[in-house]
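Asker: Give me the fold of what follows.
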Amino acid sequence: MNTTPWWVPVVAAFGASLITTVGTFGVLQWQRWRDGRANAKAAKLAAYSELHARVFAFVLRIGTLGLAKQLRSGIGEGLAVVLGQRRPVDIFELHKWLEEDFRAISDAYTKVCLIGSQEAIDIAGKLLASCSDLIGMATATDQKQRYFVRLLRGETQTVDQVLDFETMRTQLFKEREEFATIIRLEIGHDPVLFPLRRAELDADTKAGRTDQRVD
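Answerer: Got it, this is the predicted structure:
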């Protein structure tokens, strides 16, 4: 005769079911945590990549803007417009072009601020400021020239203005490389030498060898 109380198998079955339920819930929670972490990492990488790419495109456009200010000025440009060879520059269209481009960078910067690390936010702020400074340097022209000279020959840049623009553009690209280094670090990739940094190290090495030969 079976003397096992009736409730023993019931409790055992309930316990097994509870363990299974808890285990399943734990697995689901772990999967959600894993998926959430993967999604957060993907979102961060997307924000970083967007800013990194848009800065490069912005620099190219700003360089074109600076050239346009010089090439599309002077009496020759005025005659070409009057004769219908070229349409006049639309200041509102130009403003819209710049505003859309800069807004895209600002939006990307905002995303980095919302989900990025402190290091990424710091360098993103530098990139945004450098982009703003680059606009002024690209469009700067020699205001010391007499009015009629500028009217006839068009706008031109001084040697110093050209050098200032090149210096700022190089600085911006260095900051962009620094940003890329942070991106690689945060997604777990090995550090690498980007072109500008490699060029600096090569120049330092050559300078050191030259100094040794001089000594």
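
Asker: just checking, residue 176 touches residue 57?
Answerer: No - assessed by C-beta atoms under 8 Å, residue 176 is found out of contact with residue 57, at 11.5 Å. Placement of C-beta: from N, CA and C, glycine included.

Asker: Which of these two has more residues huddled nearby?
Answerer: Each of residue 176 and residue 57 has its neighbours counted (other C-beta atoms under 10 Å); residue 176 has more, 22 against 12.

Asker: Quickly note the distance from the more buried one to residue 197.
Answerer: Using C-beta to C-beta, to the nearest Å, residue 176 is found at 11 Å from residue 197.

Asker: How about residue 164?
Answerer: For residue 164, the distance to residue 197 - C-beta to C-beta - is 22 Å.

Asker: Looking at these two, which one has more neighbours?
Answerer: The neighbour count for residue 164 versus residue 197, taken as other C-beta under 10 Å, is higher for residue 164 (17 against 14).

Asker: where do the strands sit along this protein?
Answerer: In the chain, no strands are found when defined by DSSP state E.

Asker: Skipping adjacent residues, who's closest to residue 158 in space?
Answerer: Counting by C-beta to C-beta, 6 or more residues apart in numbering, the nearest residue to residue 158 once its immediate chain neighbours are dropped is residue 142, at 4.9 Å.

Asker: Count residues in the vicinity of that neighbour, would you?
Answerer: 14.

Asker: same deal with residue 109?
Answerer: Residue 109: 22 surrounding residues under other C-beta under 10 Å.

Asker: Name all residues that make contact with it.
Answerer: Residues near residue 109 by C-beta atoms under 8 Å, 6 or more residues apart in numbering: 51, 124-125, 127-128.

Asker: among these, which are in helices?
Answerer: When those are checked against helices (DSSP state H), the matches are 51, 124-125, 127-128.

Asker: what's the most distant pair in those?
Answerer: Pairwise distances across the ones in helices among the contacts of residue 109 peak at 10.9 Å for 51 and 125 (criterion: C-beta to C-beta).

Asker: out of these two, which sits in the more crowded spot?
Answerer: A direct count of neighbours by other C-beta under 10 Å for residue 51 and residue 125 places residue 51 higher, at 27 against 14.

Asker: Could you measure from the more buried one over to residue 120?
Answerer: For residue 51, the distance to residue 120 - C-beta to C-beta - is 9 Å.

Asker: what do you get for residue 61?
Answerer: Distance from residue 61 to residue 120, by C-beta to C-beta: 24 Å.

Asker: neighbour-wise, which of the two wins?
Answerer: residue 120 (21 against 16).

Asker: Please name the residues that touch that one.
Answerer: 48, 112, 179, 182-183, 186 are the contacts of residue 120 under C-beta under 8 Å, 6+ apart.

Asker: With distance to residue 66 and pLDDT added, can I get the residues you listed in a markdown table?
Answerer: Listed next are the contacts of residue 120 as a markdown table, based on distance: C-beta to C-beta, whole Å; pLDDT from 0 to 100:
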| residue | distance to residue 66 | pLDDT |
| --- | --- | --- |
| 48 | 28 | 92 |
| 112 | 27 | 93 |
| 179 | 24 | 94 |
| 182 | 29 | 92 |
| 183 | 29 | 90 |
| 186 | 34 | 89 |
